[in-house]
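Q: give the three-dimensional model of this entry:
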Amino acid sequence: MRPNALLRKSRADFQAARVPPQPSPIIQGLLGAGLQHHQAGRLTEAEHIYHKILAIDGRQPDCLHLLGMIAYQAGRHELALEMIREAIAIDPNVAAYHSNLGTVLHSQGRLEEAGAAYTRAIALQPRLAEAHYNLGNILAQAPNDDRLDEAVACYERALALQAGLAEAHYNLGNALQAQNKLEAAITCYQRALSLQPGKIEALHNLGNALQSQDKLHEAMMYFERVLALQPGYARAHYSLGCAFHALGNLDRELACYRIAQDLDPGFAQAGFSESLAQLLRGNFATGWRNFELRWQIRNQDHDTPMRSYPQPLWKGEKLSSGRVLIWGEQGIGDEIMFAGLIPDVLRTGTACVLDCDPRLKPLFTRSFPEVEVISNYDPRHNLKNASETNSEFAISAHLPSGSLPGLFRKTTAAFAAAVSSYLVADPSMRGQFRSRYAHPAGTLLIGLTWHTNNRKTGRQRSIDLSLLAPLFERSDIRWVSLQYGDHGVLRNQAAEANAPILIDPLVNQFSDIDLFAAQVAAMDLVITIDNSTAHMAGALGVPTWVLLPFVPDWRWLLSRPDSPWYPTLRLFRQPRRGDWQSVVQTVSSALSAAVTHGAVL
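A: Model prediction:
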């Protein structure tokens with residue numbers, strides 16, 4: 001937040017900023033003297049002069065406003081609000097009053113009120129750069145693409161009025177990076193650095209933007225520049241760790257995360273990322289413990305909030321009475337994967353209620369007949385026998401589903417409890433799909449996906465459909481798209497890649513997940529990248545081949561060709577970063593062997 005430029009103006013500028021009528025010459029002289037002290041940081045002297053003015057004119061609005069700003073600078077925010085509002089009540093037509101009212105409200109986290117104050121300031125003085133800039137900061141804090149568009153517009157207006165605002169260039173870069181407009185963001189960071197070369201945050205975020213473009217070595221140069229200027233900058237150590245992760249240097253990655261946490265013990269993101277690196281290595285006991293740090297962050301790594309219930313978190317014990325509520329978190333694929341531990345919950349002898357995404361409810365209800373499956377748990381209405389006083393039906397404890405592995409998968413050996421086909425597709429619909437996709441005897445029915453919308457890792461996990469061309473040369477396979485997305489877009493992708501893929505217009509893989517499960521279950525084999533289809537197919541027990549990037553998501557571990565989560569999965573890994581050609585060649589050879597020997601596992 002930047003206070004209005006009133007406090008940085010000359011005496012003549014200050015007087016010109018006023019709306020008639022002008023103060024008396026005596027008050028003008030005192031105001032000018034007080035402002036000189038104020039601008040020089042001599043707040044005690046300035047305050048003394050402002051009180052002299054109020055002794056002459058107790059309703060002098062400039063004086064009240066400036067005393068409010070002194071109170072703000074001293075951390076006395078409520079007094080600041082009171083005095084600035086009094087100035088506005090006397091003279092509501094001064095943009096600076098409204099802008100600085102917004103500054104005080106903004107510092108208190110009262111964003112809606114602050115935004116309204118900045119908007120009023122802009123209405124009074126459209127060329128007030130600070131108000132545009134500060135309004136942009138508020139809009140950029142809203143997790144909404146439309147708000148980000150407004151924030152970008154505010155920053156651009158501020159810079160059109162005052163091009164030398166390094167902070168505005170920097171924050172514009174942040175807003176553009178949040179929109180994944182990386183080239184434009186990089187340009188903004190570079191402009192900020194041309195105005196303020198040692199700006200640590202701009203150097204750091206420029207590195208982050210380059211890393212998002214897979215320019216890892218260039219990004220690391222910027223992180224190292226930050227650390228040369230400020231060795232204790234924890235976030236640069238963390239970002240350097242992320243770069244080492246992408247390069248597959250897990251030892252250096254973990255070392256960077258630990259340095260970041262030593263420098264900033266409350267740096268939950270570094271601790272959570274450390275947990276993912278530990279799980280990737282198969283260090284389950286420590287990894288699951290650190291995985292609980294996910295509740296202290298809200299970003300693209302984990303955007304589910306912890307729920308607040310009066311009941312305690314379940315610790316895996318058999319409850320003496322009542323049921324445990326297991327509630328889903330993260331995305332559809334995560335909910336499916338963690339649902340594989342529901343049988344573990346039931347084996348404790350504790351009755352279970354499972355709260356899931358509404359799209360999963362029909363599938364989970366069929367698959368877990370011993371469990372009450374609900375969506376959007378409301379303790380007043382959602383449960384069977386909710387009106388009963390019998391404690392048998394009460395919720396006595398709860399747990400997010402992602403915390404179940406910390407109870408039941410602490411060692412590699414514990415994964416022996418994993419049951420492949422714990423989900424059950426609608427058998428009638430599965431049969432209908434088999435009939436609709438009928439193919440000559442000896443022809444395999446193979447489902448295919450190639451893309452994920454994940455904003456953080458989607459670029460690394462997705463594969464261009466044209467790269468799969470060697471697979472499409474076979475005449476003994478019928479390919480069926482299991483890819484979610486607009487059917488028209490998918491058809492265009494298939495046509496451009498000359499890929500003979502059936503795209504079923506009756507299936508919406510995103511909205512009707514139960515129907516999608518039946519479609520997946522109808523396949524002889526699924527070939528997919530790392531997306532929710534891999535989890536669906538594995539949980540249904542369908543033979544599935546998963547194509548993985550060089551450094552995969554934590555759940556797929558390192559090196560091994562199989563998955564402890566889903567026994568029917570076979571993993572095909574990039575030998576080098578970005579090398580999908582080698583993966584496709586290996587898959588093509590495996591497919592030839594499978595067709596020849598009649599076995600896809």
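
Q: show me the helices in the stretch 301-450 of the chain, by range?
A: Assigned by DSSP state H, counting those that start in this stretch, the stretch 301-450 of the chain shows helices spanning 332-339, 342-347, 361-367, 404-408, 427-436.

Q: and if you look at the stretch 51-200 of the chain?
A: For the stretch 51-200 of the chain, the helices defined by DSSP H, counting those that start in this stretch cover 61-73, 77-90, 95-107, 111-124, 129-140, 145-161, 166-178, 182-195, 200-212.

Q: redo the helices of the stretch 301-450 of the chain as CSV? Include mean pLDDT and mean neighbour count.
A: All C-beta spots, glycine's among them, are computed from the backbone N, C-alpha and C. Below are the helices of the stretch 301-450 of the chain laid out as CSV (pLDDT from 0 to 100; neighbours: other CB atoms under 10 Å):
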stretch, mean pLDDT, mean neighbour count
helix 332-339, 97, 23
helix 342-347, 97, 18
helix 361-367, 98, 20
helix 404-408, 98, 20
helix 427-436, 96, 14
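
Q: and those helices as a markdown table, adding distance to residue 80?
A: Below are those laid out as a markdown table (distance: least, CB to CB, whole Å):
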| stretch | distance to residue 80 |
| --- | --- |
| helix 332-339 | 46 |
| helix 342-347 | 54 |
| helix 361-367 | 51 |
| helix 404-408 | 47 |
| helix 427-436 | 65 |
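
Q: out of those, flag the one nearest residue 263.
A: helix 404-408 (26.9 Å; CB to CB).

Q: what are the contacting residues of the closest one?
A: Helix 404-408 has contacts (CB atoms under 8 Å, 6 or more residues apart in numbering) with 284, 288-289, 291-292, 315-316, 326, 338, 341, 344-345, 414, 417.

Q: can I get those residues in TSV with distance to residue 309?
A: Output for the contacts of helix 404-408, formatted as TSV (distance: CB to CB, whole Å):
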residue	distance to residue 309
284	27
288	22
289	22
291	20
292	17
315	15
316	17
326	12
338	18
341	20
344	21
345	17
414	27
417	27
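
Q: contacting residues around residue 490?
A: Residues near residue 490 by CB under 8 Å, 6+ apart: 481, 483, 503.

Q: try 10 Å
A: Residues in contact with residue 490 (CB atoms under 10 Å, 6 or more residues apart in numbering) are 450-451, 465, 481, 483-484, 501, 503.

Q: and if you look at residue 538?
A: Counting by CB under 10 Å, 6+ apart, residue 538 touches 333, 336-337, 340, 418, 420-423, 520, 526, 528, 544, 546, 563, 565-569.

Q: so which of the residues you listed are in strands?
A: Residues of those located in strands (DSSP state E): 526, 528, 544, 546, 569.

Q: quick one: which of those is nearest residue 101?
A: Among those, residue 528 lies closest to residue 101 (CB to CB), at 54.7 Å.

Q: quick one: the closest one and residue 534 touch, right?
A: Yes - Residue 528 is within contact range of residue 534, at 5.0 Å (criterion: CB atoms under 10 Å).

Q: mutual contacts of these two, please.
A: What both residue 528 and residue 534 touch, as defined by CB under 10 Å, 6+ apart, is the set 449, 452, 544-547, 569.

Q: out of those residues, who's the most crowded?
A: Most neighbours among the shared contacts of residue 528 and residue 534, by other CB atoms under 10 Å: residue 544, with 28 neighbours.

Q: mind checking how far that one is from residue 29?
A: As judged by CB to CB, to the nearest Å, residue 544 and residue 29 stand 82 Å apart.

Q: could you do residue 309 as well?
A: Look at residue 309 and residue 29: by CB to CB, they are 64 Å apart.

Q: swap in residue 560?
A: Separation of residue 560 from residue 29 (CB to CB) stands at 81 Å.
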